[in-house]
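Undergrad: With the input below, show me the fold.
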Amino acid sequence: MMLTALKIARVGCLRAATECSSIIPILSNNFNTVRSVNYFLDNTAHSLRPVSRSLVFDTQGKLCSELLRNNGDKLKPDQAKMLTSGNHFEMTRTFSDMTSVQSDESGKNFSMLGMLLLALPAAFTFGLGSWQLQRRQAKLNLLAFREDQLKKDPIPLNIITQHNFEPGQEFQRVLCEGEVDISKTRFIGPRVKSVCGLTKKGYLMVSPLKPKDGSPPALVNRGWVPALWRDKWLADDPVEKGPVHIRAAGVLRGSETASSFIPDNTEADWFWMDVLGLADSCGLPPSTPLLDLLTPEGELPNLANPPVGRTTEDLVKFSVMPVGHLAYAATWYALSGALTFMCYKVFRKGQRPRTHR
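TA: Okay, the predicted model is just below:
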């Protein structure tokens, strides 16, 4: 069996050497074909007789010469020297290195492209993680500010209405008493209210308040009401009849910041809280403050008894709390780390030297 295989290898090698001699110019233009032929001739030549082996070496020498003539500008000085030295071993190794130049360059280009495709998402996700940490810190600062303001003693409304509202006064507790002008009520929303697992669609009810002591008026957000209240009010059949007198505590609030997805307010539809716009719509001066009325201490919000005011706990809650931002940041950083590791592996693979048999 071994003798048969040896005979086949000899015949195949001699035939390949003979045929290669006649088509060397064609082979020298196809790197992959030349490399395959060279490996076959080199690996089987040792089993030939000296005369036949000389023919094979001569064919390999012609291949190297043809490569040197056609591709000399791509060779390093030491490679060109090896091709012309006549040393068969060195010529074979140089030949293998040279014919793999194209595939090596292609592999490096692929590695660089893969690295780029992984580096961009890695940098982007790292940026998202840093952004979440910044948002977490901003929430912590805002929570600390609100808690400090809510701890202060409440002040009378006339102190606020006699001076211009300043952003640093927001969330200051205020005591108010007076009559609500129902005829100038505005509904902000829609807003969803959820209490004890019960969720309903409705609106925030904002009306002018005429203080009992005769001081300048203020806007009061009395709280959430069902959508039916707005429908009845628009139909000139309001749920509340006659004057409404209130005595309650509230907190100073400023205007909301509308995102690009929220429509602009109109006289008929108010989508976000715009204090200046609401004051102008109700015929009040621009310096008119806005109060969010609070649910009395010890009472739970009741959707069956609107308007439903806010609680102090509501004022220190966000849809995403600081711990949520921390979890998001950890997720983005973990993804960035995984992509960075993959990028490193691709880089190492592209830098690893290729070995030839």
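Undergrad: List the residues that contact the nearest residue to residue 132 once chain neighbours are set aside.
TA: Closest residue to residue 132 apart from its sequence neighbours, by C-beta to C-beta, 6 or more residues apart in numbering: residue 329 at 3.8 Å. Where C-beta positions appear, they are placed from N, C-alpha and C, glycine not excepted. For residue 329, the contact set (C-beta atoms under 8 Å, 6 or more residues apart in numbering) comprises 129, 130, 132, 133, 136.
Undergrad: got it, and residue 145?
TA: If you count contacts by C-beta under 8 Å, 6+ apart, residue 145 has them with residue 171.
Undergrad: longest helix anywhere in this protein?
TA: Ranked by residue count and defined by DSSP state H, the top helix of the chain is helix 101-151.
Undergrad: quick one: average pLDDT of it?
TA: Mean pLDDT, helix 101-151: 82.
Undergrad: now do stretch 302-317
TA: 87.
Undergrad: Same question for stretch 267-280.
TA: Rounded mean pLDDT across stretch 267-280 is 94.
Undergrad: Would you state the helices of the protein in chain order?
TA: Using DSSP H, the helices of the chain run over residues 2-22, 24-27, 31-44, 50-71, 77-84, 88-99, 101-151, 157-161, 227-234, 275-281, 322-351.
Undergrad: what does stretch 116-132 rub up against?
TA: 325-326, 328-333, 335-336, 339-340, 342-343, 346.
Undergrad: So which bits of it are buried?
TA: 118, 119, 122, 125, 126, 128, 129, 132 (16 or more other C-beta atoms under 10 Å).
Undergrad: Stretch 222-230 now?
TA: Buried-residue list, stretch 222-230, by 16+ other C-beta under 10 Å: 222, 223, 224, 225, 226, 229, 230.
Undergrad: could you dump the buried residues of stretch 116-132 to TSV with distance to residue 162?
TA: Formatted as TSV, the buried residues of stretch 116-132 follow (distance: C-beta to C-beta, whole Å):
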residue	distance to residue 162
118	62
119	60
122	57
125	52
126	51
128	47
129	48
132	43
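Undergrad: now, among these, which is nearest to residue 280?
TA: Among these, residue 132 lies closest to residue 280 (C-beta to C-beta), at 38.2 Å.
Undergrad: what's the spacing between that closest one and residue 120?
TA: To residue 120, residue 132 is 19 Å away according to C-beta to C-beta, to the nearest Å.
Undergrad: tell me the contacts of residue 225?
TA: Per C-beta under 8 Å, 6+ apart, neighbours of residue 225: 187, 202, 203, 204, 205, 306, 307, 308.
Undergrad: where in this structure is pLDDT low?
TA: Low-confidence segments of the chain (pLDDT under 70): 1-111, 114, 195-197, 350-357.
Undergrad: what about the longest strand in it?
TA: strand 198-211 (DSSP state E).
Undergrad: Parallel or antiparallel, which strands does that one pair with?
TA: strand 173-180 (antiparallel), strand 186-195 (antiparallel), strand 218-226 (antiparallel) (DSSP bridges).
Undergrad: Which of those sits closest to residue 263?
TA: Ranking the strands paired with strand 198-211 by proximity to residue 263 (C-beta to C-beta) places strand 186-195 first, at 12.1 Å.
Undergrad: Would you mark the buried spots in that closest one?
TA: Those would be 186, 187, 188, 189, 193, for strand 186-195 by 16+ other C-beta under 10 Å.
Undergrad: cool, and stretch 341-350?
TA: Buried-residue list, stretch 341-350, by 16+ other C-beta under 10 Å: 342, 343, 346, 347, 350.
Undergrad: cool, and stretch 194-209?
TA: For stretch 194-209, burial by neighbour count (16+ other C-beta under 10 Å) applies to 200, 202, 203, 204, 205, 206, 207, 208, 209.
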